[in-house]
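Student: Here's my sequence, what's the structure:
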Amino acid sequence: MKSVSEIDRLEACPDCQEPAVRQFVPSRVFFSGTSVQHAEWNPGLGCVVKNKEHRKELAKRKGLVEIGNDFKSGESAATHFDQERESKIAKRWEDV
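Tutor: Prediction:
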């Protein structure tokens, strides 16, 4: 582990002292859809992301798809799904 300012610094193999190759093996990639306000290390992309547009561009280049939802809060999501559930229940009663 090292800070973002040192991310491009090469590391040496402890056994042979040869420059080590940076490896990135994602087990699972998840984007929550939140905006990026400042440059930060993104472990899913394996690099520093400058902003939301930069994140989208990098994900597209790597063939990744951003997942998430458009809800601004948990309360708006709950309201949406409550209304959807009520609508389905009402439709079932109409069909009976």
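
Student: mean confidence for stretch 85-96?
Tutor: Averaged over stretch 85-96, pLDDT sits at 89.

Student: scratch that, stretch 51-69
Tutor: On average, stretch 51-69 scores 81.

Student: Please export the C-alpha coordinates of it as CSV.
Tutor: In CSV, the C-alpha atoms belonging to stretch 51-69 read as follows (Å, rounded to 0.1, in the frame of the first residue of the first chain):
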residue,chain,number,x,y,z
ASN,A,51,-13.8,13.3,-11.7
LYS,A,52,-17.1,11.6,-12.7
GLU,A,53,-16.5,12.1,-16.4
HIS,A,54,-13.0,10.7,-16.2
ARG,A,55,-14.4,7.7,-14.3
LYS,A,56,-17.0,7.0,-16.9
GLU,A,57,-14.4,7.3,-19.7
LEU,A,58,-12.0,4.9,-18.0
ALA,A,59,-14.9,2.4,-17.3
LYS,A,60,-15.9,2.5,-21.0
ARG,A,61,-12.3,1.9,-22.1
LYS,A,62,-12.1,-1.1,-19.9
GLY,A,63,-15.5,-2.5,-21.0
LEU,A,64,-17.1,-2.0,-17.6
VAL,A,65,-20.6,-0.8,-16.9
GLU,A,66,-21.6,1.5,-14.1
ILE,A,67,-24.4,0.0,-12.0
GLY,A,68,-26.6,1.6,-9.4
ASN,A,69,-29.7,3.7,-9.3
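
Student: For it, what is the distance to the chain centroid?
Tutor: Taking CA atoms, centre = their mean, to the nearest Å, the mean C-alpha location of stretch 51-69 is offset from the chain mean by 8 Å.

Student: List the residues that contact D15.
Tutor: Not one residue lies near D15 by CB atoms under 8 Å, 6 or more residues apart in numbering. All C-beta spots, glycine's among them, are computed from the backbone N, C-alpha and C.

Student: Next, work out how far apart it and K91 are.
Tutor: Going from D15 to K91 by CB to CB, to the nearest Å gives 66 Å.

Student: Then C47?
Tutor: Between C47 and K91 the computed distance is 47 Å (CB to CB).

Student: Between the two ends of stretch 61-81, how far is it?
Tutor: 34 Å (CA to CA, to the nearest Å).
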